[in-house]
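Chemist: How does the following fold in three dimensions:
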Amino acid sequence: IDRASIESMLQSLLDGHDTLRSILVDTAAGARLVTREPGAVRAADLLSRVRLAEPTDTALVSAIASSARAVLDEIDPRAGAMVRAVWYSGAEHADVLLLTAHHLTVDVVSWHIMLGDLVGAWRCVRAGNAPKMLPEFTSYRRWCDLMWQRAATAEVRDQLAYWLEQVRGPDPALGTRPVDPTRDTWSTLRVTRVAVDAETTGRMLAAVTKDEGVREFLLTATTMAIAGWRRERGQDPAAGTLVALEGHGRADAVLDTDTTNTVGWFTNAYPVRLGAGAGSVDVERAERDPRAAGALLEAVVAHLGAVPNGGLDFGLLRYVRGEPELRAAAEPQIQFSYLGRLDLGVSEQPWSLLTGSYIDALPDDPEPDLPLRFALNLSAFVAMTPEGVQLITNWRWSDALFAPADIDRLTQLWRRGAAALAADLDRPHERD
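Modeler: Numbers count the residues shown, from 1 in each chain. Got it, this is the predicted structure:
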């Protein structure tokens with residue numbers, strides 16, 4: 001591995017994806033991303049090297065932790081500095097590349113696209129050939145134009161009543177008070193990792209279906225945990241659990257586009273209120289009556305299935321059209337995202353994804369001064385661990401709103417809810 005080869009691989013990535021070469025500019029209509037021509041950003045300018053003092057995992061993790069914050073501070077959208085890369089050489093098993101990109105330019109799907117591009121480009125470079133990449137069949141610019149046009153359609157306007165129904169109604173504070181973006185920042189964030197044991201994860205993965213998938217399982221467990229938390233705090237669990245649910249946003253079937261190889265921030269977030277009214281089920285009830293857990297799962301599946309266009313248009317109403325009633329509504333206190341199965345990757349690929357202690361070495365608050373929008377952020381995925389395949393959920397919480405004991409109790413309720421739901425999934429014949 002040499003610098004020239006890494007630069008060639010990175011240059012093909014930069015030239016192949018418009019948003020990685022973009023710059024944030026202020027216009028009369030607000031801030032906008034402006035893309036630049038291939039070659040405008042040079043890989044040589046954004047790649048740095050760290051030579052490890054000793055070839056151990058401990059030294060590598062320490063190097064990542066010490067350099068990651070500095071790299072994050074170099075990212076500057078208004079200067080067009082959207083990407084940075086650090087090459088760690090001299091590691092015990094293989095060299096490591098830390099690739100950092102501003103969220104304005106990438107989403108979760110984009111990282112998978114970029115990883116595949118890096119693998120293909122590296123193989124070309126090692127074979128002595130110029131890297132070749134698939135084109136972006138629908139550019140990010142074109143997709144944005146289509147979404148902007150869509151905001152003016154009757155189909156979008158007619159969804160206003162549906163979305164108002166989601167955000168209306170009570171949502172009592174989960175912490176000591178509601179989150180306040182004017183004073184709460186990312187610097188208050190802490191992370192608690194919750195891992196479902198391998199046996200329960202295996203049962204869950206074997207039982208879920210296309211409709212009752214992992215995301216639905218996780219949201220149902222979360223809904224039961226919040227209902228139990230509310231009951232213990234003297235709040236009415238019938239308020240349900242109001243969640244800002246993240247989706248991939250790549251609605252190719254709706255927009256007649258093809259974003260399978262397009263890098264950009266497509267993610268859409270939309271409110272869903274689950275387990276409200278008579279449908280409320282807390283953990284204790286689910287443990288006494290597994291059928292109740294199954295009924296709640298079915299209700300969650302039905303609710304998500306009824307969301308118009310997978311939530312694509314909520315943001316158009318709230319932010320593009322600026323509907324006053326939606327703008328006046330309070331944000332959900334919980335943001336939820338399911339990142340998918342990270343255990344299905346091919347580990348023998350060059351530049352394969354690292355997890356575990358390497359990821360844990362990265363800062364929890366990449367932008368400490370960023371205003372905080374959510375009291376809780378739940379980010380879940382399935383990954384291979386030393387114990388086997390496990391369902392892992394990272395709970396990001398603010399120590400300005402919760403005490404560690406609060407999160408211990410919330411995650412305990414969540415574990416119990418997941419176990420109760422998995423027990424019900426073992427008995428599909430009883431739920432028919």
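
Chemist: List the buried residues for stretch 324-340?
Modeler: By 16 or more other CB atoms under 10 Å, the buried positions in stretch 324-340 come out as L326, A329, E331, P332, Q333, I334, Q335, F336, S337, Y338, L339, G340. All C-beta spots, glycine's among them, are computed from the backbone N, C-alpha and C.

Chemist: Quote the end-to-end distance of it.
Modeler: End-to-end distance of stretch 324-340: 35 Å, with CA to CA, to the nearest Å as the criterion.

Chemist: Which residues does it contact?
Modeler: 108, 160, 163-164, 167-168, 171, 173-175, 178-179, 214-215, 218-219, 222, 226, 241-246, 269, 271, 314, 317-318, 373-382 (CB atoms under 8 Å, 6 or more residues apart in numbering).

Chemist: if we can go back for a sec, looking at the buried residues of stretch 324-340, spot the one nearest A53.
Modeler: L339 (33.3 Å; CB to CB).

Chemist: and that closest one, how far is that from N394?
Modeler: 10 Å (CB to CB, to the nearest Å).

Chemist: Give the intersection of the neighbour lists for these two.
Modeler: Taking CB under 8 Å, 6+ apart as the contact rule, L339 and N394 both touch S379, A380.

Chemist: Among the contacts of stretch 324-340, the buried ones, what's the PyMOL command?
Modeler: PyMOL command restricting these to the buried ones, with burial defined by 16+ other CB under 10 Å:
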select buried, resi 108+160+163+167+171+174+175+179+214+215+218+219+222+226+241+242+243+244+245+246+269+271+314+317+318+373+374+375+376+377+378+379+380+381+382
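
Chemist: mind listing which of the contacts of stretch 324-340 are in strands?
Modeler: 241-246, 269, 271, 376-382 (DSSP state E).

Chemist: Looking at these, which is nearest R291?
Modeler: Taking CB to CB as the measure, R291 lies nearest T241 of those, at 20.0 Å.

Chemist: Now do the same contact list for the closest one.
Modeler: T222, T223, I226, A227, R273, L274, G275, I334.

Chemist: ok, 10 Å please
Modeler: T241 sits next to 171, 174, 219-220, 222-227, 229-230, 272-276, 280, 300, 332-334, 336 when contact means CB atoms under 10 Å, 6 or more residues apart in numbering.

Chemist: if you look at those, which of them are in helices?
Modeler: L219, T220, T222, T223, M224, A225, I226, A227, W229, R230, V300 (DSSP state H).

Chemist: Tabulate those in CSV, adding columns for distance to G90 and pLDDT.
Modeler: What follows is these, written out as CSV (distance: CB to CB, whole Å; pLDDT from 0 to 100):
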residue, distance to G90, pLDDT
L219, 44, 96
T220, 47, 95
T222, 43, 97
T223, 48, 97
M224, 48, 97
A225, 44, 97
I226, 47, 97
A227, 51, 97
W229, 47, 97
R230, 52, 96
V300, 49, 95
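
Chemist: Scan these and report the most crowded one.
Modeler: M224 (33 neighbours; other CB atoms under 10 Å).

Chemist: any weak-confidence spans in the chain?
Modeler: Applying pLDDT under 70 to the chain flags residues 210-212, 343-349, 426-432.

Chemist: The stretch 201-350 of the chain: strands as residue ranges?
Modeler: Assigned strands in the stretch 201-350 of the chain, in chain order: 241-247, 268-274, 334-341 (criterion: DSSP state E, counting those that start in this stretch).

Chemist: Could you export the ones you listed as JSON lines, including distance to D424?
Modeler: Below are the strands of the stretch 201-350 of the chain laid out as JSON lines (distance: least, CB to CB, whole Å):
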{"stretch": "strand 241-247", "distance to D424": "19"}
{"stretch": "strand 268-274", "distance to D424": "17"}
{"stretch": "strand 334-341", "distance to D424": "20"}
